[in-house]
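Chemist: What shape does this take:
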Amino acid sequence: MAASLGVVLRVSPTYRTQAIGMAPETPDFLNRIIELELHEHCGDDPEQVMATLLAIEQEMGRQRPKEGYTSRPIDLDIVLWGNRILQLDNLQVPHPRMLQRRFVLRPLADLIPEQPIPGDGRTVAQCLADLPRAVPQIAPWP
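Modeler: Residues are numbered from 1 along each chain as shown. Predicted structure coming up:
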């Protein structure tokens, strides 16, 4: 189903993140950013793209609890949509928590370090540099 969204242009390196706040036996999470060139039929429809991502998650065994976070086989998000700010019923872009997450900013900086974050004005690299030390560290994988 992912192929129906578009063409993969670039993939960041993969990073390993501790599963903080999960059960002790929860394996580390793996994180990366993928840049897509969307097909014409979904290129200007972020809600359709998000629905497709949610369907991929479900196909891969993800179950979403009503509240809170739980370990999951996959978590797909739209982090940026070019230079646009989107405030839709079920989708907010830029991703509302991306500026507090090293596991988002580090791989994003590998791809587009000088990209300004819409609504923030700082570049991805600046946002990464501005993260407090308390934000969990990540490590390249493998």
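Chemist: got the phi/psi numbers for the residue lying closest to residue 97 once chain neighbours are set aside?
Modeler: Take residue 97 and drop its neighbours on the chain: the residue closest to it by C-beta to C-beta, 6 or more residues apart in numbering is residue 104, 8.0 Å away. C-betas here are computed from N, CA, C, even on glycine. Backbone torsions for residue 104, taken as degrees, to the nearest 10, come to phi -100, psi -50.
Chemist: what does residue 88 give?
Modeler: Here is the backbone geometry of residue 88 (degrees, to the nearest 10): phi -110, psi 170.
Chemist: before we move on, the earlier item: dump the residue contacts of the residue nearest to residue 97.
Modeler: Counting by C-beta atoms under 8 Å, 6 or more residues apart in numbering, residue 104 touches 31, 33, 79, 95, 97, 98.
Chemist: if you set the cut-off to 10 Å instead, what comes out?
Modeler: Each residue near residue 104 by C-beta atoms under 10 Å, 6 or more residues apart in numbering is listed here: 15, 31, 33, 77, 79-80, 94-95, 97-98, 124, 127-128, 138.
Chemist: So for it, what's the pLDDT?
Modeler: On the pLDDT scale, residue 104 is placed at 97.
Chemist: What distance do you get for it to residue 70?
Modeler: 19 Å (C-beta to C-beta, to the nearest Å).
Chemist: and what of residue 105?
Modeler: When distance is defined by C-beta to C-beta, residue 105 is 24 Å away from residue 70.
Chemist: Between the two, point out the one with more neighbours.
Modeler: Legend: neighbour count by other C-beta atoms under 10 Å for residue 105 and residue 70, higher for residue 105 (26 against 13).
Chemist: Looks to me like the more buried one is in a helix.
Modeler: Yes. Residue 105: assigned to a helix according to DSSP: H, G, I helix; E, B strand; the rest coil.
Chemist: how about the nearest residue to it, chain neighbours excluded?
Modeler: Nearest residue to residue 105, sequence neighbours excluded (C-beta to C-beta, 6+ apart): residue 128, at 4.2 Å.
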